[in-house]
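Asker: what shape does this take:
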Amino acid sequence: MAEEADARVPVLMYHAVAAAPNDATRALSVTPEAFAAQMAAIADRGLTPIGTAELAAAWRSGRPLPRRPVLITFDDGYEGVHRHALPALAKHGFPATLFVSTGWLRGPYDTGGALDTMLDWDQVRELAAAGVEIGGHSHTHPQLDQLGDERLRFELIHCKEIVADQLGTVPASFAYPYGYSDRRVRRAVRETGYAQALAVGNGLARRAQGPYALRRVTVRRRTGLDEFARLVEGRSIARAFAGDRVLTKGYAVLRRTRQAGRRVLGAGA
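Answerer: From the prediction side, this is the model:
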């Protein structure tokens, strides 16, 4: 049981799966061929993909995890998840989790802010029917830790209500846009009724992180198959994302300064 409690699980974070993404999504996209090869690599290594809710529920209850678990997650809701990723997932019988920004999807709630071609709700329903867990990713994809309380709750609740209305099931999992959260945001996510939430962090997920700050590793267009193998095996992750961590720490200081400034302005109003 101690080994289960200290398990380190790779949670893969994808965005667009596209042969010709636009400039806004290119760096965080993968080609359909690369995605198919990565899913084959997971199968060849005997890893066991599971859903986000399954991982969090196991850690919450103390139930054992399957052998060599790995999570496959997608953010935002790009159309290539249905067109390209779903066939590769289905080939191996892999579950996955898709976190949707409801105001970016094509359909009645579209706010016009999407970065590239997005899923429509019929495609989201087909993904759900195929075993893909659908989670929340806010409504308009803002930096949640920069919002006031009222707007923050709107982003969380409106997203949850739209997913529930469109799919007939309430989303249990959430992913923070841009990976940004703080204690106030995590508390709001919990109070809104999400049972677990994923950050980024570019590290392996561990039970000790708590259900509202589970880490993921980023899969990008430049991620080669050798590097991907290291990611899913949990090797050399700190080295692979060393540059990202330096930038993240610097930006975190800037963000805290901005938040403090807004609090001062609010107090003086």
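Asker: now the strands for the stretch 101-250 of the chain?
Answerer: Taking DSSP state E, counting those that start in this stretch as the test, the strands found in the stretch 101-250 of the chain are 132-136, 173-175, 196-201, 205-206, 214-218.
Asker: got the buried residues for the first one?
Answerer: Neighbour-count burial for strand 132-136, with 16 or more other C-beta atoms under 10 Å as criterion, is recorded at V132, E133, I134, G135, G136. For the C-beta atoms, the positions are set from N, CA and C on the backbone; glycine is no exception.
Asker: packing partners for that strand?
Answerer: Where contact means 3 or more C-beta pairs under 8 Å, 6 or more residues apart in numbering; DSSP states H and E, strand 132-136 is packed against helix 52-61, strand 96-100, helix 121-129, helix 149-167, strand 173-175.
Asker: tabulate these in a markdown table, adding columns for distance to V232, mean pLDDT and mean neighbour count.
Answerer: Below are these laid out as a markdown table (distance: least, C-beta to C-beta, whole Å; pLDDT from 0 to 100; neighbours: other C-beta atoms under 10 Å):
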| stretch | distance to V232 | mean pLDDT | mean neighbour count |
| --- | --- | --- | --- |
| helix 52-61 | 15 | 96 | 19 |
| strand 96-100 | 14 | 98 | 27 |
| helix 121-129 | 22 | 98 | 17 |
| helix 149-167 | 28 | 98 | 17 |
| strand 173-175 | 19 | 98 | 29 |
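Asker: those: which one's closest to T111?
Answerer: Across the helices and strands packed on strand 132-136, the minimum distance to T111, taken as C-beta to C-beta, is reached by helix 149-167, at 10.6 Å.
Asker: export the strands of the stretch 101-250 of the chain to TSV and tack on distance to R187?
Answerer: Converted to TSV, those look like this (distance: least, C-beta to C-beta, whole Å):
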stretch	distance to R187
strand 132-136	16
strand 173-175	13
strand 196-201	11
strand 205-206	20
strand 214-218	16
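Asker: out of those, which is closest to R45?
Answerer: strand 214-218 (15.4 Å).
Asker: and the closest one, what's buried?
Answerer: Of all the residues in strand 214-218, those buried under the rule 16+ other C-beta under 10 Å are L214, R215, R216, V217, T218.
Asker: just the terminal-to-terminal distance for stretch 113-131.
Answerer: 28 Å (C-alpha to C-alpha, to the nearest Å).
Asker: which residues touch it?
Answerer: 16, 18, 21-22, 24-25, 76-82, 86, 89-90, 95-96, 98, 100-101, 103-107, 134, 140-141, 166-167, 169 (C-beta atoms under 8 Å, 6 or more residues apart in numbering).
Asker: filter those to the buried ones?
Answerer: 16, 18, 21, 25, 76-82, 86, 89, 95-96, 98, 100-101, 103-106, 134, 140-141, 166-167.
Asker: low-confidence ranges in the stretch 151-269 of the chain?
Answerer: 243-269 (pLDDT under 70).
Asker: and with 90 instead?
Answerer: Residues of the stretch 151-269 of the chain meeting the criterion pLDDT under 90: 235-269.
Asker: what's across from the nearest residue to S173 once chain neighbours are set aside in the sheet?
Answerer: Spatial nearest neighbour of S173, chain neighbours left out: G135 (3.7 Å); criterion: C-beta to C-beta, 6 or more residues apart in numbering. Bridge pairing for G135 (DSSP bridges) gives the partners F99.
Asker: next: V9.
Answerer: In beta-bridge terms (that is, DSSP bridges), V9 pairs with A205.
Asker: how about the contacts made by it?
Answerer: L55, L65, P69, V70, L71, L204, A205, R206.
Asker: and it, how far is that from A208?
Answerer: 12 Å (C-beta to C-beta, to the nearest Å).
Asker: likewise A27?
Answerer: For A27 relative to A208 (C-beta to C-beta), the value is 31 Å.
Asker: cool, L55 as well?
Answerer: Counting by C-beta to C-beta - L55 and A208 are separated by 14 Å.
Asker: tilt between the longest strand along the chain and helix 52-61?
Answerer: Longest strand in the chain by number of residues (criterion: DSSP state E): strand 69-76. Going by axes from the mean of the first three to the mean of the last three C-alpha atoms, to 10 degrees, strand 69-76 is angled at 130 degrees with respect to helix 52-61.
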